[in-house]
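Could you look at this predicted model? Sequence included:
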Amino acid sequence: MSKSKFDNRWSVSRGRPRLLSGQASIGMGRVGGGLPVWAMVALWLVGGSPSVRAEQEYQKSQEYQKAVEGIEVLPDTEPLTWSDDIASRMVDAIDAFLLRKTGDSRGRREEYWRKSAIPSDLPAGGEADPLAEERAALAKILGMADQRVAVPELQVIASPGCTGRVGSGQGYEVYAVRWPAFGDVTGEGLWLVPTGEDSTHLPGVVAVPDADVTPEMLTGLVEGVPPECRYAAILAAGGCRVLVPTLVSREIAARRNVQLTHREFIYRPAYELGRHIIGYEI
């Protein structure tokens, strides 16, 4: 049996040795000079990671309690004696913190919102815009760090010889379109246009769906959606031009060794770059 060997190195923590790196074997041999590989796998399947279980058992022992009693505690702190999943506690605490902050924000909106001081005829985004600072702060929070295309033009997605029309309804037609957003990034969606007259003077509406709702669902191109929920189709039938963008869904997919939604898969690297999936969609 072939083996790949490493030097055994140990460290002492609270009076007990810990293996930092040990002997690694191949096949049905032993890992770290301890349990056979098959036994390690069996323990993992039955009760989780052996190292985590050993840590939990150690924290219940008298040796651990004695070691904790002798530790010098810093002011306004106490020893960490949790024996359950610390990661789960952290996630629960973060969730509670965000919910609390969201609730607190309702009573503090007046401190940041100065709508009453804005003249009704002042264009937003101008040099004299009194909310320019707030708009810039909101753009930073949403991760809108890239310069958007000033006047994006819709492009019908169609093969040569085709009109690009993907469906129609009562008094309107539906086209698959895309438009430049920023850089090499484009948006896609469905464009509902009333028929029978020049639509350029008609009111325009952007119907933003939920992340798990497709444009086809809002336009009545798929079955199973209640008529009252197809508000894009209702607006188009009423004489409005309606654009329904496609959002990144929450569908879960395998990402190497983890299961992530499409949104989280984009959010993680975007956050590292000072961006956000919401900013991309805006």
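Noted; the coordinates are in hand. Numbers count the residues shown, from 1 in each chain.

any residues touching stretch 255-272, and which ones?
By CB atoms under 8 Å, 6 or more residues apart in numbering, the residues outside stretch 255-272 that reach it are 143, 211, 248-253, 276-277, 279-280. Heads up, the C-betas are built off the backbone N, CA and C, glycines and all.

Just those residues: which are in helices?
With DSSP state H as the criterion, helices contain 277, 279-280 from among these.

out of the contacts of stretch 255-272, who's nearest Ser83?
Ile252 (30.7 Å; CB to CB).

Could you export the contacts of stretch 255-272 as CSV, including neighbour count, pLDDT and distance to Gly103?
Output for these, formatted as CSV (neighbours: other CB atoms under 10 Å; pLDDT from 0 to 100; distance: CB to CB, whole Å):
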residue, neighbour count, pLDDT, distance to Gly103
Gly143, 19, 87, 24
Ala211, 16, 91, 23
Val248, 16, 91, 27
Ser249, 15, 91, 28
Arg250, 12, 92, 24
Glu251, 10, 92, 30
Ile252, 12, 92, 29
Ala253, 10, 91, 33
His276, 19, 88, 22
Ile277, 21, 89, 24
Gly279, 19, 87, 24
Tyr280, 20, 87, 28
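
Columns distance to Trp191 on top of those, output as a markdown table?
Formatted as a markdown table, the contacts of stretch 255-272 follow (distance: CB to CB, whole Å):
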| residue | distance to Trp191 |
| --- | --- |
| Gly143 | 26 |
| Ala211 | 20 |
| Val248 | 20 |
| Ser249 | 20 |
| Arg250 | 24 |
| Glu251 | 24 |
| Ile252 | 30 |
| Ala253 | 28 |
| His276 | 26 |
| Ile277 | 23 |
| Gly279 | 23 |
| Tyr280 | 20 |
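
between these, which is nearest Ser168?
Nearest to Ser168 among the contacts of stretch 255-272, with distances taken as CB to CB, is Ser249, at 25.5 Å.

Quick check: pLDDT value at Gly204.
Model confidence at Gly204, given as pLDDT, is 90.

who touches it in this structure?
240-243.

which of those tops the neighbour count?
Val242 (29 neighbours; other CB atoms under 10 Å).

these two touch, right, that residue and Ala232?
Yes - in this structure Val242 lies within contact range of Ala232 using CB atoms under 8 Å: 4.9 Å.

what's the overlap in contacts for those two?
192, 207.

want to throw the contacts of Gly204 into CSV with distance to Gly171, pLDDT and secondary structure?
Output for the contacts of Gly204, formatted as CSV (distance: CB to CB, whole Å; pLDDT from 0 to 100; DSSP: H, G, I helix; E, B strand; the rest coil):
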residue, distance to Gly171, pLDDT, secondary structure
Cys240, 11, 91, coil
Arg241, 12, 93, strand
Val242, 12, 94, strand
Leu243, 17, 94, strand
